Structure formats: structure tokens, C-alpha cells
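Asks: no letters, just coordinates:
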Ligand SMILES: Cc1cc2nc3c(=O)[nH]c(=O)nc-3n(C[C@H](O)[C@H](O)[C@H](O)COP(=O)(O)O)c2cc1C
Ligand code: FES
Ligand code: FES
């Protein structure tokens, strides 16, 4: 540490320093904007060879989301401030820290230890790439995120961008491109893991007067934001992959379908498309290769099911986003009945590297059947939440404990949920499972598009299943019977179980309905919707039984099933609980132990939260 | 196609061959295995929504919907197994669980595809019952009654309204569990662009869309001693009514029908076909006038009320072209409350005039203000669909099959073959040509069969030579086809002199009020429509009297009452007018 | 025809934009973009506006409302002046967003999406807003509240001038 600090101080001020304030939504919510302003104000007052950068000028708010830079993903520790070119990373920065940073680090090249990340062992880590959160990752598609200005085509090209496209157009036939992708064994990152090379080859082989390519950035899984961060941080990479794909399959028109909830990503994409068009990388006869391609950005309108490919195509066509039976597959008959290739944006972002560095290089990363990396949005009860990119085949344990830093607050890990509403959970004792398509499926979960939620012992598995079913019920398009009606019935059964009104036969009914929905639904939404129920039943049936037979929630999470009690000994009679109780059901003399009237208690849990003496028990 | 191009697959152990593009369901039908189905309809696009038609494929966990899954070479399909039956049963239960529990009192009790499925798939208990969707009923229209609670989202009404009729008044609204098929804004039928044709009623598997039932009113009128209750029957119902009593489609039952109506207590039974003859006379006259003057051509027929609504809602620019003749029903009703009242010495206010029609839109037509008597009552007091008439017969215990034949009553009971064939597409044109020819040329027409305009295809064109003039004729049934005809007309691609438009596929024989089809056939089945049409041509060809203008009752009517065609009295009683709808549709 | 008068209550720039869509190939595929433009301009889709979009793009009314009612982004009544957005993404759910949501409804005495009587506030939920590390998250007028507990609700409302 001191060693490194010295190297920094050896030549202060010779190179212009850049202060990069992360303006990711999490950082902003923690005050990044104020920090940025403070920097701006103070820096303008002193004469230092330094500038402060908050990517994308000022935050321009559009609707929901706030503007972000290419978020480096370490959101839990935000607001983040990085000092380039040396790459010092300050975490949990406050407005008050700004002055010190300017005085010490910028002016004198001194590192402020207190602001550096403290790892699990209590060590202070200076640079971003030395933090275990980053060092266990393998960043391919996120390589540029946080390091280049997302709007700048120049930055992208300086980082090696567009080389692959130039190579493809100058040296390769469409067949060769398809073959190289096939040889790399790149598999779709949108969830199903279908080999991209095969899809492309098939589309290439279709005779049609017109073909389309579509980038799927609908990303509707709750808790997932990989694709958004990728587009916000490195939009050209995705577009380059898409242009290469268009060349490979013979498409003349591309569409990016992106959630309307992602205004910044949309803006970045629009800008990037415009720049590419200006520079001749889109339009007629691209780089004199004879390839004509334009890309249109279509915003979604709030429907998770539109991530499903046929629903997405309907949505682009201006229809209700209702899936249709397949076959025919989009590669045979997609948009306006023309052959259409659809890929997830992360899939496409892998393409330029595969072209540049070769199929062999790529297939060496990860596992044989699941080569490459996968980006996850790590969240839930874990110390470090954020965006992580790991090689396939890494163990779940490594992701949760090394990168994620384990479960906080001394609590025990219960399970990890992957794949969002279509996925399942992996219990703590299966944590050595490898993170790849097949291994996760074997354990009853799926890779999905990248949501990963860590759950501690206070998470109720019935409640979790209920949450996901509620989501699927809301998002069901309503077309096919098993999904439309089935999710409602599953939810009703789960609800009564969590209320303590479950019936003996409910577990059988859940399994029976789940099987029907999985096997008979029209699209992937219905087919996968019961997965959270089935996988929690498989691993935690006992927990369901406790709810049904003993009206008890072992995790203490089901509101109707918990009881709050005040233990007389630790209670000092401060009255805090009685004051917060919304129904005034806590009584007791001042300085005397208090008591909860169980008949009146609505189990809101506020007394439990407010008590400073651990006198309120939840059972 | 040689057998090499065919696809060979195995259904339940039976190897069979199908044409490329055929589905598993097609293949199963071919080997005699009837896979249960609900959303599937042979004349509509494939939806794949209900999932009742699921089957197992060898080596595949996922079940597939046989109605939409293409047959593939060497595919091995199983259409029945304990698991499949359980899944199908559960699917039907899931539909029932979100459906009112009033089967015993429902108008389609005993005649409901959902009920049949529940029975045949063995839903004997409810395992998953819970919340049900709730939507208000829509009673706004005289024609169509909607109960969205009973909608099972098979999407047939949506598809027929869009794909066949080009009206697109119904669409799935909302999402997921709250989905429902409804007009824009979930508005009432009367606030929508509905044209009341009733094709949605024909294809609805449940009672979610039915006709507005007026059988009670008619029963009450019959029982009212102060009322003289008259009924008229449309050409095409005699070709379809029998289906309600177990006759094969296409069995003409006019004689029994008249007997049944008399048994039910109607005081007089008139023939709408006479109204049709009258329409021909008036319309032929109108045509000749326009043709000579070269104005307002093509003349477009106006006897189909669904079409008239479509005209007013979607093509107001063509209103001047529409014939001003009232429909046969409205002409006959007008004469019933004028000419007949006078002849029979009955105060017209005391006449209650009922029309039995193959059509739901006739209910709407009857209620239009243009068809009101000077004393404020409608000329047609009640319109019954063929379905309602069948039900009334059954309700009264009429043993239809064993009835003797009877004749229609005079003075409005004689019809020519020209009037009879009004009930099928091309019939109006043919009848008009029989009369126009003789009027035009002054010669006697010996071969009255204009085969050029016959057939059930949706869109036909013919050029007929009349005295050295070429008359270009277009015939369309099903409004999507009509749209295409107008497209040709309005773009100037084609010049027409006369267009016959019928809203329903096949014409009135395929009307929105016709019986729910017997087993082995289905609504919109071209074969069914053809059989019913054939019945009308048979009636026509077995008659001596084939030309409308030779109808003796009509001659009498003109000489004693109306005077000339298009006379002032004829105009007052037999003609009408149209105006653009307030809510204009989008073509 | 007088019956089809081409008068629109939509702003002229929107009419022009929609006419531009209409002139393009496969113009009905611009239905959703058209609805988005109207929603973004007015905050909701009125019956009148939906019908005008239908006419401008020549898409049947029932299909227009069918499409609009399918997608969550579209509202059919105006939102409150301050729209309170509660994230109910997974992370926020797990950390108690449901109770926060209920508390807002309770404090304001409204149903989800329904504006308060004075039109000032409405409460709505959103899928993950991407601030999971700060869950549960509430957003009002671009102001982001993190780690919100039900008891914070009155204070948050007070920031926007609400007193019960
Ligand atoms: C309900 C549902 C939601 C989906 N959502 C997404 C999504 O948000 N993003 C995505 O790329 N793929 C999603 N998919 C998968 C797509 O249908 C499709 O398989 C994918 O876009 C193909 O691209 P890939 O081969 O590159 O993975 C979803 C599938 C289903 C059934
Ligand atoms: S009949 Fe095949 S899905 Fe409905
Ligand atoms: S779940 Fe709320 S911000 Fe992600």
C-alpha cells in the first residue's frame, strides 16, 4: 500500500488527472451529483491540472431512470470516484470528502486510505483492479465499461473497436463469419443458450428478398440490468456485433428493441447509431462492401413477455406483444414473415472479440459446452452487489463469497436464485455448482439472462415463489389458458399457504398445475413460470409443510404467520415500540416491561425494527 | 403432387401421409382421430391459444398444440394418454373456473362447446376454483348481446370480425387474467363500429356473444287477444331451419315451417320471398333508370342490413350508389301494415308483425327510425333469428318432423323462384337479371339460369350482355371481399354497373342468425353454405314461376294498390334512405 | 366528406409526426411509437386521442385500444402531479417494498395509479430501477429515496408539501 502510494506521489501533476464520478443510478441516489457539483465548484477555484468528469454532461432526467455513466458495477460501495490515469478508486464518497480529495490526492498525490475499499480481511485496497470484486471477474464484454466515453466513437475505436467489422467486410464471406461464430460455440445470452452460429447459418440459408436482424434489449427480469449497463457503457460494441450479424445472415434492416424504462441507454444508442451512420458504418454500401444496413430503435412499452422473440416481433410490428406458436421460427418467418435473426445484446457484444481473436481463443474461456463469460447482476443479501462478469464454469460459491463478499450481518446463506421468474433456486449446500447452462439446469435452475439473487436465512421460500408467480401472473399476455389461468390459481394457492390457510392437498395441486403449465403453455413465459415453485418445492418442501400443517413460517417472513412477543428481561420499558405501533396494541408502564395484545396485532413488524434492546422477538 | 413431396408420419400408431403445410391436427382428422379443440376454427387463422389440442411427440418433454404444429416427416404423435387427458381436463377446468357457474340457466345450455368439452374430457370436480373476472353485460344493441364474463378468449369473434368481415370491431383488450375480447374502449356495441352481422355469434363457442333474444315478446304478442300477429319467413331459413330438428343441411322445409308457425298461433304466415320479388321489380326499375341516365353507377344492392351498416360506417362515399329499395323484409312489413291491413280490414295499429330471419342485423334494421310507421310503431315489431324460431318450436312442443306441409297465406304468400334464391350470394343478381333482361329487351327470357353469377366464392365478377350493352357485375359476400371489390371500384381499376353485396359469407344462407351447425360441420363451412344454397336453387328450379315480375300476387298488388314501380305510394312504402354513421370506421 | 372531418385535438406537431409515420412503409408498425409520443406529451391516453391515433395511422380503433391496454407504459387517466414510483423489483421486494407501497396508499387514501382528489399525488410501482443496492427505492420527481422504510413515508410526502 505505501509502496503504491509512493509511486503515485513521485510525479504529481505531470499528467492531467481526471476525476470520474460514477453517475449510475445507485451512486446518484447516494449523492453522486452533489459530489460532482462540489468537485466542479472547487476545481474551478483552484489551479490544478485536473478535470472532473461526470459522463454525459449533466444528468438529464427522463422519466424513471437517472442518467448513468458506464457503471463499473460496484454499486454497493457507491458513490464511487475514480482518479485517472492512476486508477485510484474511492468508495462511499461524501460531499465533505471532496475538499480532502482535491487537497491531498490531486494536489499532492497522496492517497486517502479511509476512502479506499476495505476488503473482507480489513485490508485497504487502492486500485479498482486490485479489489477482489473485480479481480475474480473476467471482463470481456464489459471491458470498456467505465473506461471509455460511451458516446465517443473515437474512444471506442482507440480501444480497438470496429476492427472486427472492417476485417469481416474486407476479408470474410458471410459463410466464414457464420462458421467462425459456430466454431467459437457462442451460445445465446438471452436465456435459452441456443448456439448463435447455428441460428445465423440457418438464417443465411433462407432465400428471401428481405431479411432482418433484431437485438433484444428488453431485459425485463426483475433485478437484472446487465444489458442496460452494457449499452450505456459501450453501445458501439453491441452495434458492431449487430452489423457483423447482419452481414453474416444477409439482413438489410436491423431493429434494437429496448425497454422504454432505459432512457439513457436509448439516448446512447441513438447517438451511436447516428455516429456510425455519419461515418459510413451504417447505410448504403458500408465500407464499399456492398452491405446495406440501417438500424432502427424501437422502444418497448412495459411488457416483460415482449422479451420472448415472437412477442417482440409482434411488438415491433405494432401489435399486442402476444407470442405465437413456433415453428415457424423467426429465422424462417419473422418480421413481416421474413427471415429474422434475433439475438440478445450481450450475445452480440461477444461477436467482435470472437472475430478479432479467433474462435479458439474464445472457446478456451469458460467450459467446453458453455464458452465465454456471462454477466450477472448480483443482488440480494450479499455484501457486494452489482454487475459482475465471470468466466463460465466458475463455481457459484466463488461468485457469492469471493466476488460478492458473502452474506452480510453474520447471517447464513440459504439459497441463490438465478434466472429470475423463469429460474429456480440453488440451496446453500449445492453452492459448488458450476455456473454454466447445463450445470444450473441440472440443479433445477437456469442460467437465464443474468439475474442472481442471494438469499439469507430470513427469506421464506414460499414467499419467494409467491413473489415470482405474482410477477408472472402480472406479465402473462393472456393468450394461452395454462399461463393465463394457471398463474392466477398458483398464486391463490401460494397466498393461502402464506396466510396459514393452506390445505393438505395444496402441495399436490401446486405440482399438478405447475406441470401442466410447464408442458402445455404456448411460450417460454408460461413454460418457465412455475419453475420457482417447483424448485423451491424440490429443495424446501418441508418449509411449505410447516406453513400448511403448523401455520408457521420458519424464516419469519410471512406476515400472517409470525408472532411478535416482548421479552420481559431485556425490555427497559422505553416505550419506543408502543409509539410506533400503528394499532396501539402495545401497552406497559414507563420503565416497566411492555406487552403486545396478540388479538390486535397486525404483524407489521415496526416494533421489532424499532427496539434497541432486542426485546421484541419474532417467531 | 406426387407422394414424394408428401409428409409421412405416425398418429397413434397409424402411418399416414399429408400434404406439406398440414398440421398434426389435419393428419389426425385424416386418420379419424378427433383431437379436442376450442380456439381452432378451420376458416380462421391459427391462434394456438386454448391448448386443449395438445399432443405428445416422441422424445419430447414439451407438449405441442396440434392445431398449429406442422406435420413433419416421420414424426411420431400420441394424441391420448392418461397424462394428456389429465392435462386437457385441467385446461378445461381452468377455463370453467373463470366462467360463470350458470350452465343450467344459460341460453346455450346443451349447445355449448365449452360444456361439451368439459363433459367429454371428464371435468367432474373443481380443483382450482378461485377469483373470476367480472365485466358488465352489454345490452345496448337490438341485435347482439355480449356477456364478457363468459368469454373464454378463443379469439374466434376477433378473427371473424377482422379477417372475414373486415370490420375489426372486436379485439383482445387488456392483458393476462383481465383480457377480454371487446370493442375499442370496452365500449358498448351501440357505441362501436359494429355492423350487427352476427358472425361473431355464429363462431362463439359459448354464450358470450348471442343474439338479443325476443322470443318472450313474441310469445306475449301471440297470447294477446287484441293483436293480430303476422309472421314472415326469409328465403334462407327454409333451407336451414330443418337442421334444428335433425335434418341434413340443405333440406328444404318450407311446408312444415308454415304449419309449425300456424300451430304456434300466428294469425297469418307470409313469405318474405314475395318481398324479394317486389324488391327486384323496384330495383330493376331503379337500375334501368340509372343505367339509361348513366348516373350513380354502379347500383349497389341494399337488402343486407349488415352491409348497409357497413356502408354507412365505412364507405359513406358510396351511399349515393346504394339502391334506395327497402329490404324484402321491410317491404313486406310495410305492406302488412298498409295493403294487408286494408284488405283484411284490420286496424294497422293492431297488427304485430314478426319476421323470422337468418340474420341478427335485421333486428337492428327493424329498429331504425326510417322503418317507423306514421303512428310511431316499427313496421317490423320483432325479428326472430332462425335459432330463436327453432327454440320456440321446441319450447312449444312442436313435433316438427311429423308435421304436414302448409301453404303461405295470401295476399302476401306467393313468390317466384327469383325471390327464393335471394337467400344466397348471387341470387339477387340473378333474379334482377331475369327481370331486367325482359324489361330491357322486351323479349322473353327462355333460359333463366344465369350460371355466371352462381357459386359460393367470396368475390365474383361477370359481364352480361343486355341488348348489346355490356353490364359489368360484381358479387361479393363477406365484407372483406366487399372491401376488395370497392378497392377495385374506387381506384378506377374496374368499371361496374351493378354490385351485389351480402354481409355474410355465402349470403343469407350463412347468416349470423342461422342455426349453430350440427356435428361434422361448422359455422362458415363452405360445404354447409353450399348445401343450404342448393336447397334454394332446387326450390327455384322446381317452380313454374321463376321471374319476379310474373308473380301474380305482385301484379295484383301493383294494379290495386301501388300503381307503377317507383310510384309515389311505392316510394313511400318501399324505399328508404341512408346516412353516414356518427362513428366512422377505419377501413 | 363532412362526416370525416380531419380535425384533431392532438397538437399539430404530433399530428404531423403521425402523418409522417403514416407515409412510411409498414406504417401500422408505428402504432406503439405513436402512442408513446402521445403518452409522453399528455401523460396519458384519452379516449379522444386514442381514436385520433387510430384515424391518423389508419389502424382500427379496437386494435389501437387493444395494443394500448396491453402495455403497462400507457395510462388511461392522468397521473398525479407528483407520481410516486416505488420500485418493486426483486431486491426491493425482498427488502420490504411492498409495505412501503401499501403505506403510501394508506397515507394518501388512494388506489394504485389513482390520483388524490386534489390531483397532486398518485402512487405506482415500477420494475427494478437499477438501484438494487439501495433497496427499497422510491422515486418522486426524479428524487431518489433509498433504504425507505414505511415510517419514512410521511416525511417523504412532506417534502412535497403533503400534510394529512
Ligand atoms: C418470457 C421471456 C422473456 C424473455 N426476455 C428476454 C430478454 O429480456 N432479453 C433477451 O435477450 N431474451 C429474452 N428472452 C429470450 C428470447 O426469446 C430469445 O431467445 C433471445 O432473445 C434469443 O437471443 P440469444 O440467442 O442471443 O439468447 C425471453 C424469453 C422469454 C420466454
Ligand atoms: S385448438 Fe389448438 S390451441 Fe386451441
Ligand atoms: S429491485 Fe429495486 S432497484 Fe433493483
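Replies: All right, it came through fine. Nothing here was measured: the structure is a model prediction, and the numbers come from that model. Numbers count the residues shown, from 1 in each chain, chains lettered A, B, ... in the order given. Ligands and ions are numbered 1, 2, ... in the order given.
Asks: what is the least confident helix or strand in chain A?
Replies: Lowest by mean pLDDT, DSSP states H and E among the helices and strands of chain A is helix A:2-9, with a mean of 41.
Asks: end-to-end on stretch B:101-114?
Replies: 12 Å (Cα to Cα, to the nearest Å).
Asks: for it, which residues meet the burial criterion?
Replies: Across stretch B:101-114, burial judged by 16 or more other Cβ atoms under 10 Å in any protein chain shown covers B:103, B:106, B:107, B:108, B:112, B:113, B:114. Quick note: C-beta positions are derived from backbone N, CA and C, even for glycine.
Asks: how many other residues sit next to the residue in chain B that ligand 3 sits nearest to?
Replies: Across chain B, no residue is closer to ligand 3 than residue B:176, which sits at 21.5 Å (Cβ to the nearest ligand atom). When neighbours are defined as other Cβ atoms under 10 Å in any protein chain shown, residue B:176 has 21 of them.
Asks: now do the contacts for the residue in the stretch 201-350 of chain A that chain B sits nearest to.
Replies: Nearest residue of the stretch 201-350 of chain A to chain B: residue A:325, at 3.9 Å (Cβ to the nearest Cβ). The contact partners of residue A:325, taken as Cβ atoms under 8 Å, 6 or more residues apart in numbering or on different chains, are A:522, B:46, B:48, B:64, B:65, B:68, B:69.
Asks: the residues you listed: which two are farthest apart?
Replies: Taking Cβ to Cβ as the measure, the contacts of residue A:325 span a maximum distance of 12.7 Å, between B:46 and B:64.
Asks: re earlier: show me which residues of the helix or strand just after the least confident helix or strand of chain A are buried.
Replies: Following helix A:2-9 in sequence order, the next helix or strand is strand A:17-21 (DSSP states H and E). Within strand A:17-21, the residues scored as buried using 16+ other Cβ under 10 Å are A:17, A:19, A:20, A:21.
Asks: any idea how far the last one lies from ligand 1?
Replies: I take that to be residue A:21. Counting by Cβ to the nearest ligand atom, to the nearest Å, the gap from residue A:21 to ligand 1 is 30 Å.
Asks: wait, isn't that residue in contact with residue A:43?
Replies: No. At 11.7 Å, residue A:21 does not count as touching residue A:43 under the criterion of Cβ atoms under 8 Å.
Asks: for those two, list the residues in contact with both.
Replies: residue A:52.
Asks: name the nearest of the buried residues of stretch B:101-114 relative to chain A.
Replies: Nearest to chain A among the buried residues of stretch B:101-114, with distances taken as Cβ to the nearest Cβ, is residue B:114, at 11.5 Å.
Asks: helices along the stretch 251-400 of chain B, start to end?
Replies: B:254-264, B:272-293, B:305-314, B:328-335, B:341-344, B:361-366, B:386-395 (DSSP state H, counting those that start in this stretch).
Asks: contact partners for residue 423?
Replies: In the absence of a named chain, this looks at chain A. Applying Cβ under 8 Å, 6+ apart, the residues near residue A:423 are A:417, A:445, A:446, A:448, A:451, A:528, A:531, A:532, A:535.
Asks: was after chain B, sorry
Replies: Residue B:423 sits next to B:234, B:235, B:236, B:237, B:239, B:358, B:507, B:508, B:509, B:532, B:533, B:536 when contact means Cβ under 8 Å, 6+ apart.
Asks: anything in stretch B:294-314 near chain C?
Replies: No. Under the criterion of Cβ under 8 Å from any Cβ of the partner chain, stretch B:294-314 makes no contact with chain C; the nearest approach is 9.3 Å.
Asks: actually stretch A:551-569, not the one I typed
Replies: No. Judged by Cβ under 8 Å from any Cβ, stretch A:551-569 and chain C are separated, with a smallest distance of 8.7 Å.
Asks: tell me how the chain divides into domains.
Replies: You didn't say which chain, so I picked chain A. Domain assignment of chain A by automatic domain parsing yields the ranges A:3-135, A:153-363, A:373-456, A:461-549, A:563-618.
Asks: I was after chain C.
Replies: Using automatic domain parsing, chain C is parsed into the domains C:3-70, C:82-158.
Asks: and the helix or strand where residue A:183 lies, how far from the chain's centre?
Replies: Element membership for residue A:183 (DSSP H and E) is helix A:174-184. Relative to its chain's centre, helix A:174-184 lies at 29 Å (Cα atoms, centre = their mean, to the nearest Å).
Asks: same check on stretch C:37-49?
Replies: 10 Å.
Asks: how about residues contacting it?
Replies: Outside stretch C:37-49, the residues that touch it by Cβ under 8 Å, 6+ apart are B:185, C:9-11, C:14, C:17-18, C:35, C:53, C:68, C:73-79.
Asks: buried stuff in it?
Replies: Across stretch C:37-49, burial judged by 16+ other Cβ under 10 Å covers C:37, C:38, C:39, C:45, C:49.
Asks: what is the nearest of those to residue A:89?
Replies: residue C:39 (40.7 Å).
Asks: after the strand or helix carrying the closest one, next one along is what?
Replies: Taking DSSP H and E as the criterion, residue C:39 maps to helix C:31-42. Scanning forward in sequence from helix C:31-42 by DSSP H and E, the next helix or strand is helix C:47-57.
Asks: that following helix to helix C:31-42, inter-axis angle?
Replies: Helix C:47-57 runs at 140 degrees relative to helix C:31-42, counting by axes from the mean of the first three to the mean of the last three Cα atoms, to 10 degrees.
Asks: tell me the confidence at residue 18?
Replies: Using chain A here. With respect to pLDDT, residue A:18 has a value of 76.
Asks: chain C, not that one
Replies: Looking at residue C:18, the pLDDT reads 98.
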